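Engineer: I'd like to go over a predicted model; first the sequence, then the structure.
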Amino acid sequence: MSKTDKVIINQLPTGVPGLDEIMGGGLPEFSFNIIAGAPGCGKTTVAHQFVFANATPEHSALYFTILGEPAIKMLRYQQQFSFFEPAKVGTSVRFVNLSKVLLEGDLNAVLEEITRQVEAAKPGFVVVDSFRTVIRKAQGEAGELEVQSFIQRLALHLTSWQATTFLVGEYLESEIRDNPVFTVADGLIFLYQAVERSSVVRKLQIMKLRGRASVPGLHTVRITDDGVQAFSRTLGLTGRKGKPRERQRISIGVAELDKMLGGGVLEGDSILVAGPSGTGKSVLATQFIAAGIGAGEPGIVAVFEERPEEYASRAASFGLDLESPQHQGKIEILYLRPMDLSVDETMQEILDAVRRIGAKRLVIDSLAGFEMALAPAFRVEFRESLYRMIGALTGAGITILSTVEMEESFVEFPFSHFAISFLTDDIIRLRYVEIGGQLRKVLVVIKMRGGNHSKDVREYVITAEGLVVIAPRYTDYKRLITGLPERVGQKEELPPEPKEGGFGEP
Amino acid sequence: MNSPTLREHAQQLIDLEMSAGNPSPENDEVKAMLRVCEKLRRCLSASAGVAGFSSLMARSLTLAKAELPWMEAAKVDENGTLVLEGDPQLDRDQAAQGGVLIIACLIGLLVDFIGGDLTLSLIHEAWPQAGAFSKEEKNP
């Protein structure tokens, strides 16, 4: 059979943002699926999103409710979500209660009633919620073989009637093995909910999907006013092009530092600026973004420790206007609220903003703030997720500058306590040194993957113009990077900033 | 809950049933009201289940009894059907008033639980020609 002879299985939108990508494009048409998980995971909401995304008067949905959530309550609560369209109820989406049939009849009676309703309505979509109650009843009266036969007949019938089906049920992961329900199903979506310290963590896994390659693993899920939203572990970034062979050098926003970097950073690089508090990491990051605006490259600034207006106001104090580019859609300053975030949804917000304005530069200020904003359970995944996002974005030609705060040490010279050096192409280290009774600042380019760079340890100051690398000094020191250098040259030079009398003293 | 507007809506459903029935002396308002209840029972039992409808109907009756004590003679059976026990001697106005009230209570409960839009779509399943709710009815 040639490739073109193969049957084409239509993919239906799940109605759950992010889930189509996880499912390899959507839900296979006419498939028989199960949404499983403990109570409160969002199973019914996922089923409703699917139904409201797909049902039309021509391809209607039959939603069978059984001994679970009463239909009136289900309608009361589900209509609070934005996807719920009241106009579809009764026309495109019809709710049918099977409680009485289940209580008074056996498996055959349930199957007969579902069959009767399906044959009468000819729906394109069928949901049975909760299917677990049917199985419980069945297992009380019938043997396993009879249950399996019932499920197989139900699946066969619904598929033959060209219905895409969801069975919704409260199952624990341990119940999946050897369960005939799961053997028959074409697709199995498992939803998890766990409390980790004070945070609730919701996840989703596609445990089975016939005929499609889904994204494996656990994906973060959040329930908002818009319903369930899923965040793929790949962040939708698979299949991106690699870095172009010919990459331009772009300005970091500090002319003298550009020279140290061999003419600027390479487009699509990941730059790490590490240093202790007050050394000017955020200032340099702002200059990097402002330089991009000057070069016609839109930018995103993801801040975790201060609000966008504070960030823009601080930039203004250095003569950098971030307000106007924001109004022009050339910059977005994202304030990612510091509470219970998952890595993937935070990164999704950044990616959405990058796509929205076609950003070429991204600042993450800072990695420590980013990590602290996450729910405790997600912090263990921080490096892995960061790796995926940085890899994919830089691969698409976006240049990323991340800041990381370092505790100043006078016995060692670490580059980052995040052990993320492998994520970065270029590392710029800022640090304090004590010289002549002053706490002065020096920087050094530690690493640059894309070419040669200056090995000099250069002094810099923070002025009204931002971070300024001052001209090379003629006084030689050794052990500068220890923070306690020793002068080896003889020439006396004035410090870059006056030692006294220059800061408002009378 | 059973505001004048909801009562007007209930009256409209009874009127629709009366106009749909045979023009005979037996086609009175009580019978029309029972047919309205029966149609609502069928509609709602299909989606909300028999038990779901019965509980709503029982609640509606309780609310109606607070206003019209003679309705103590009315009961809701296990299928959600409204039945009058004994032979309450009611004049035509009393019966009509009771019928409107209990249907208004039922509609009011539905509006409270699932909102005006969904309630109206359920009503339209049985009476496609029924009028829309007023703003007050939709948001009591």
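Structural biologist: Everything's here; your move. Please read all numbers here as calculations on a predicted model, not as lab measurements.
Engineer: for the rest of this, base every contact and every neighbour count on C-alpha atoms.
Structural biologist: Fine.
Engineer: not counting sequence-adjacent ones, nearest residue to the residue of the stretch 201-350 of chain A found nearest chain B?
Structural biologist: Residue nearest to chain B within the stretch 201-350 of chain A (CA to the nearest CA): A:Asp225, separated by 17.2 Å. Nearest residue to A:Asp225, sequence neighbours excluded (CA to CA, 6 or more residues apart in numbering or on different chains): A:Phe81, at 5.2 Å.
Engineer: residues in contact with that neighbour?
Structural biologist: A:225-227 (CA atoms under 8 Å, 6 or more residues apart in numbering or on different chains).
Engineer: most neighbours of all those, which one?
Structural biologist: Most neighbours among these, by other CA atoms under 10 Å in any protein chain shown: A:Gly227, with 21 neighbours.
Engineer: right, and that one touches A:Lys43 too?
Structural biologist: No: judged on CA atoms under 8 Å, A:Gly227 makes no contact with A:Lys43 at a distance of 10.7 Å.
Engineer: just the helices in chain B please.
Structural biologist: Along chain B, counting by DSSP state H, helices occupy B:4-20, B:29-48, B:50-67, B:92-126, B:135-138.
Engineer: go on, the stretch 251-400 of chain A?
Structural biologist: A:255-260, A:281-294, A:308-317, A:323-327, A:343-357, A:367-373, A:376-379, A:382-395 (DSSP state H, counting those that start in this stretch).
Engineer: now the closest residue to A:Asp344 other than its chain neighbours: phi and psi?
Structural biologist: Nearest residue to A:Asp344, sequence neighbours excluded (CA to CA, 6+ apart): A:Phe231, at 5.9 Å. Dihedral angles of A:Phe231 (phi, psi; degrees, to the nearest 10) stand at phi -120, psi 110.
Engineer: same question, the one 3 residues further on
Structural biologist: Dihedral angles of A:Thr234 (phi, psi; degrees, to the nearest 10) stand at phi -90, psi 0.
Engineer: quick check: residues of the stretch 51-200 of chain A near chain B?
Structural biologist: A:65, A:70-73, A:75-76, A:79, A:86-87, A:89-90, A:94-100 (CA under 8 Å from any CA of the partner chain).
Engineer: mind checking the helices of chain B for the one nearest to B:Val76?
Structural biologist: Nearest to B:Val76, of all those, is helix B:50-67, at 5.9 Å by CA to CA.
Engineer: can you tell me what sits against that closest one?
Structural biologist: If you take CA under 8 Å, 6+ apart as the criterion, helix B:50-67 is touched by A:70-72, A:100, B:41, B:44-45, B:71-72, B:74-82, B:98, B:101-103, B:105-106, B:109.
Engineer: what's the answer for stretch A:12-26, then?
Structural biologist: Stretch A:12-26 has contacts (CA under 8 Å, 6+ apart) with A:11, A:27-29, A:46, A:49-54, A:206, A:209, A:212-216, A:227-232, A:236.
Engineer: please apply the same query to stretch B:125-136.
Structural biologist: Under the contact criterion CA under 8 Å, 6+ apart, stretch B:125-136 has outside partners A:90, B:5, B:9, B:12-13, B:16, B:39-40, B:43, B:116, B:120, B:123-124.
Engineer: next, format those residues as a markdown table and append neighbour count.
Structural biologist: Below are the contacts of stretch B:125-136 laid out as a markdown table (neighbours: other CA atoms under 10 Å in any protein chain shown):
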| residue | neighbour count |
| --- | --- |
| A:Gly90 | 21 |
| B:Thr5 | 16 |
| B:His9 | 22 |
| B:Gln12 | 15 |
| B:Leu13 | 25 |
| B:Leu16 | 16 |
| B:Lys39 | 17 |
| B:Leu40 | 24 |
| B:Cys43 | 20 |
| B:Gly116 | 24 |
| B:Leu120 | 22 |
| B:Ile123 | 22 |
| B:His124 | 16 |
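Engineer: look at the residue nearest to the spatial centre of chain A and report its pLDDT.
Structural biologist: Centroid-nearest residue in chain A, with CA atoms, centre = their mean: A:Asp344, separated by 2.4 Å. Listed pLDDT for A:Asp344 reads 77.
Engineer: appreciated, that's everything.
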